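Engineer: Here is a sequence with its predicted model. Questions after.
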Amino acid sequence: MIKKLIFFILLFALASCNKEDDPTMNEYLGIVTVLKDGKELVKEIDIFDNRVDELDPLILGWGFNTYNTAGELTETFSMTSIKPILEKQFIEEQIDFSAPCRIDCPIHVGVVTWIDGDVPFDIYDVDTTAANNFIHFTSYNSSKAEVEGIFNITMVLTRAGNLPGHHPNSIVFSNGKFTVKVKREWFE
């Protein structure tokens, strides 16, 4: 559980950077539209090279954040270890953070809710009993350096925050569609 928490804290730190902090951040942006528990959600997404070492086979990661009206982070969605291939990739297992994975890693999806913009609260992992968890890069437009795709994923609560309140047992992301700018070399 501690390793999982560290992963999400690092992801939060990455997501908190802006172009002034690092001029290479957020070059590869796009838009995702998805039904989250039946309600439409439209977010800006960020896609990135997710390799531990540049000599490893290429894997990608992407995600998006949700903020409240005060501008505080309230939720992070992340998907990592995705192969840059134009075929459906199924998400069938939860990742074991105690064993580092660099090659042929299972896709990891995580959702973290936050309190006060920086304190992790609830943690959700892939519902391995759900039948239709996948991501599919459906097309690559080389002239625009854009990839389009679809996804569905059901998440299950694996760690509830210790404050009173509503902790849904699951979150369903369905009919997800995205378009995002990519490095040409990732898909060519």
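Structural biologist: Structure received.

Engineer: roughly how far apart are D127 and L55?
Structural biologist: Note on D127: its distance to L55, by CB to CB, to the nearest Å, is 34 Å. Glycine gets a C-beta too; all of them are placed from N, C-alpha and C.

Engineer: More neighbours: those two, which one.
Structural biologist: The residue with more neighbours, out of D127 and L55, is D127; 21 against 7, by other CB atoms under 10 Å.

Engineer: Tell me if I'm right that G61 and F77 touch.
Structural biologist: No. In this structure G61 lies outside contact range of F77 using CB atoms under 8 Å: 11.3 Å.

Engineer: Give the residue from the two that has the larger number of neighbours.
Structural biologist: Counted by other CB under 10 Å, G61 and F77 do not tie: F77 has more neighbours, with 25 against 19.

Engineer: OK, contacts around that one?
Structural biologist: Shown in contact with F77 (CB atoms under 8 Å, 6 or more residues apart in numbering): 63-66, 109-111, 173.

Engineer: quick one: secondary structure of it?
Structural biologist: Under DSSP: H, G, I helix; E, B strand; the rest coil, F77 falls in the strand class.

Engineer: Next one: the residue nearest in space to the middle of the chain, what pLDDT does it get?
Structural biologist: Nearest to the mean C-alpha position of the chain, by CA atoms, centre = their mean, lies S78 at 1.8 Å. At S78, the predicted lDDT confidence score is 92.

Engineer: Next: C105.
Structural biologist: At C105, the pLDDT value in this model is 78.

Engineer: again, but for Y124
Structural biologist: We note a pLDDT of 92 for Y124 in this prediction.

Engineer: now do the one 4 residues further on
Structural biologist: T128 is assigned a pLDDT of 90 by the prediction.

Engineer: Surely it is within a helix?
Structural biologist: No. Assignment of T128 by three-state DSSP gives coil, placing it outside any helix.

Engineer: Pretty sure it sits against E92.
Structural biologist: Yes. Using CB under 8 Å as the test, T128 is close enough to E92 to be in contact (6.5 Å).

Engineer: for the residue sitting furthest away from the middle of the chain, phi and psi?
Structural biologist: Of all residues in the chain, P164 has its C-alpha farthest from the mean position, at 26.7 Å, by CA atoms, centre = their mean. Torsion angles at P164 (phi, psi; degrees, to the nearest 10) stand at phi -60, psi 150.

Engineer: Repeat that for E92.
Structural biologist: Per-residue torsions, E92: phi -120, psi -10 (degrees, to the nearest 10).

Engineer: go on, F187?
Structural biologist: Dihedral angles for F187 - degrees, to the nearest 10 - are phi -120, psi 0.

Engineer: so after the longest strand anywhere in the chain, what's the next helix or strand?
Structural biologist: For the chain, the strand with the greatest residue count under DSSP state E is strand 146-159. Once the chain leaves strand 146-159, the next helix or strand it forms, by DSSP states H and E, is strand 170-181.
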